[in-house]
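Chemist: Sequence unavailable; structure follows:
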């Protein structure tokens, strides 16, 4: 088998993500992906045995890209806890089909339809991705003891992170494609921050 360079690998998988996102799993063939990647079908078969294999590789590649951006957002210099949580959750929102001009995109073509396809066709890949996002959110919650009261958060950081993730998915499903979706996520983050912020001593509130 010829060596698959990183650039060629990314080109194949980017083309596959785009095709699966546009046409769905059933209507996407190896021929379609090969044309999108500007290679012959035999050339594509040199690296991937079938559609299922390239689908799994492509969605894993796409989801890892989203998770990488989420980790970067969670470490953004100068950002406070709310800004970091919002940036991560906006990426989740974008994956479920809610575009918003004032936030980063979710990646190359990864939207609501492909997310649903991944859940059906490669559930283990999807679960691993969501576990990683929960870990990113948890790192923000636990990394800001000045914002989130450790005694209030306690051992529930993972549970809180999971609730933030699934609440954002619910917002995306109910407000798909509307400007209100981003506002709902900001409100969700504000509620989390308010609920987990330690009370200030009386002299600080005067």
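Modeler: That came through, no problem. Everything numeric in this text was worked out from a predicted model, so none of it was measured.

Chemist: in the chain, which helix has the most residues?
Modeler: The longest helix of the chain (DSSP state H) is helix 51-74.

Chemist: Okay, buried residues for that helix please.
Modeler: 51, 54-63, 65-67, 69-70, 73-74 (16 or more other Cβ atoms under 10 Å). (Glycine included, C-beta is placed from N, CA and C.)

Chemist: From the contact counts, what lies against that helix?
Modeler: In terms of contacts (3 or more Cβ pairs under 8 Å, 6 or more residues apart in numbering; DSSP states H and E), helix 51-74 is packed against helix 6-27, helix 30-37, helix 81-95, helix 112-121, helix 123-142.

Chemist: and the closest residue to residue 89 other than its chain neighbours, what element?
Modeler: Nearest residue to residue 89 in three dimensions, chain neighbours excluded: residue 168, at 4.6 Å (Cβ to Cβ, 6 or more residues apart in numbering). If you go by DSSP states H and E, residue 168 is part of helix 157-174.

Chemist: May I see the buried residues of whichever helix or strand comes after that helix?
Modeler: Using DSSP H and E, the next helix or strand after helix 157-174 towards the C-terminus is helix 180-196. Neighbour counts over helix 180-196 (16+ other Cβ under 10 Å) mark 181, 182, 184, 185, 188, 189, 192, 193, 196 as buried.

Chemist: between those residues, which is closest to residue 145?
Modeler: Set against residue 145, the nearest of the buried residues of helix 180-196 by Cβ to Cβ is residue 196 (10.6 Å).

Chemist: Look up how far residue 137 lies from that closest one.
Modeler: 12 Å (Cβ to Cβ, to the nearest Å).

Chemist: what residues are shared contacts of these two?
Modeler: Common contacts of residue 196 and residue 137 (Cβ atoms under 8 Å, 6 or more residues apart in numbering): residue 160.

Chemist: low pLDDT regions in this protein?
Modeler: 1-4, 97-109, 176-177, 198-206 (pLDDT under 70).

Chemist: Let me know how buried residue 139 is, in neighbour terms.
Modeler: 17 (other Cβ atoms under 10 Å).

Chemist: Go through the helices and strands packed on helix 51-74 and pick out the most buried.
Modeler: Highest mean neighbour count among those (mean count of other Cβ atoms under 10 Å): helix 81-95, with a mean of 24.

Chemist: Tell me the gap between that one and the middle of its chain.
Modeler: Chain-centre distance of helix 81-95: 9 Å, with Cα atoms, centre = their mean, to the nearest Å.

Chemist: that older thread, would you turn the helices and strands packed on helix 51-74 into CSV with distance to residue 156?
Modeler: Putting those into CSV (distance: least, Cβ to Cβ, whole Å) gives the following:
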stretch, distance to residue 156
helix 6-27, 35
helix 30-37, 43
helix 81-95, 15
helix 112-121, 26
helix 123-142, 9
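
Chemist: Show me the one of those helices that comes nearest residue 161.
Modeler: helix 123-142 (3.7 Å).
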